[in-house]
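Trainee: Here is a sequence with its predicted model. Questions after.
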Amino acid sequence: MTAAVRLFVALEIDSSLRPGIAAIQDSLRASNADVAWTRPEQWHLTIRFLGDADESGLPGIVDALHRAASTVPPFTMHVRGLGTFPGGRRPRVAWLGIEDLSGHRLSLLAGAVERGLGVLGFPPEGRAFRPHLTLGRIRSARGVERLQEIIAAHASADVGTSLARELTLFQSELLPGGARYTALATSALQG
């Protein structure tokens, strides 16, 4: 029996955007809301969360990602706009929006990944794909009203553009100090 690994598939954000993302996150921190803020090494666009998978299945997963990446050429994403999931009085996630400037390549890539993983037995995600970068996970109602005021005031925040070049398969290890992500494989976009 092989070990289970916690996995997700993501697109990395250009490192040149990190200072702008950090500045936005700092402005949200000023709310003093009860939020577990993501660290810069955790800033990425999750395409698909797989959860726990048997380590012996990694070669098949990597092959499926290579096939998906081969169907879509590189494309530019615009990182802009703030919001929360879900909307309303009890949000759980503060996010920074990501828009596909090609208009369709990101959704094509997400669909190809979903189909490839479906063939391997991964069930469909079950919710619409909403491209975003998680800035923080809201733990309680403390400070949420102030947090939402700051988000509303900066709703059109614009960090810049990032070129999507490759898919990355990450392992996520849940540790006492927070999650640690390790890149296991990359697949260049080539379509």
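Mentor: Cool, the structure landed.
Trainee: only C-alpha atoms for contact and neighbour calcs from this point on.
Mentor: Noted.
Trainee: Poorly predicted segments of this structure, please.
Mentor: Filtered on pLDDT under 70, the chain yields the residue ranges 1.
Trainee: Okay, helices next: where are they in it?
Mentor: For the chain, the helices defined by DSSP state H occupy 18-29, 58-69, 105-119, 144-153.
Trainee: Of all those helices, which one comes closest to G191?
Mentor: When the helices of the chain are compared by Cα to Cα, helix 58-69 sits nearest G191, at 7.1 Å.
Trainee: Which residues does the closest one contact?
Mentor: Identification of contacts with helix 58-69 by Cα atoms under 8 Å, 6 or more residues apart in numbering yields 109, 112-113, 116-117, 120, 166-167, 169, 185, 187-191.
Trainee: How about G81, nearest residue that isn't a chain neighbour?
Mentor: S156 (4.6 Å; Cα to Cα, 6 or more residues apart in numbering).
Trainee: Let me know which of the helices of the chain is the nearest to E173.
Mentor: So among the helices of the chain, helix 58-69 is nearest, using Cα to Cα, at 15.9 Å.
Trainee: For the closest residue to S172 other than its chain neighbours, which residues are in contact?
Mentor: Distance criterion Cα to Cα, 6+ apart; nearest residue to S172, sequence neighbours excluded, is Y181 at 4.7 Å. Contact analysis of Y181 by Cα under 8 Å, 6+ apart lists 42, 170-173.
Trainee: do R105 as well
Mentor: By Cα under 8 Å, 6+ apart, the residues touching R105 are 72-73, 75.
Trainee: got it, and D14?
Mentor: 162-163.
Trainee: Quick one: neighbours of the nearest residue to T161 once chain neighbours are set aside, just the number.
Mentor: Spatial nearest neighbour of T161, chain neighbours left out: H78 (4.4 Å); criterion: Cα to Cα, 6+ apart. Residues near H78, counting by other Cα atoms under 10 Å, number 16.
Trainee: How about A128?
Mentor: Neighbour count of A128, defined by other Cα under 10 Å: 6.
Trainee: who's in contact with A3?
Mentor: Contact analysis of A3 by Cα under 8 Å, 6+ apart lists 54-55.
Trainee: Next, it: phi, psi?
Mentor: Main-chain dihedrals, A3, degrees, to the nearest 10: phi -80, psi 160.
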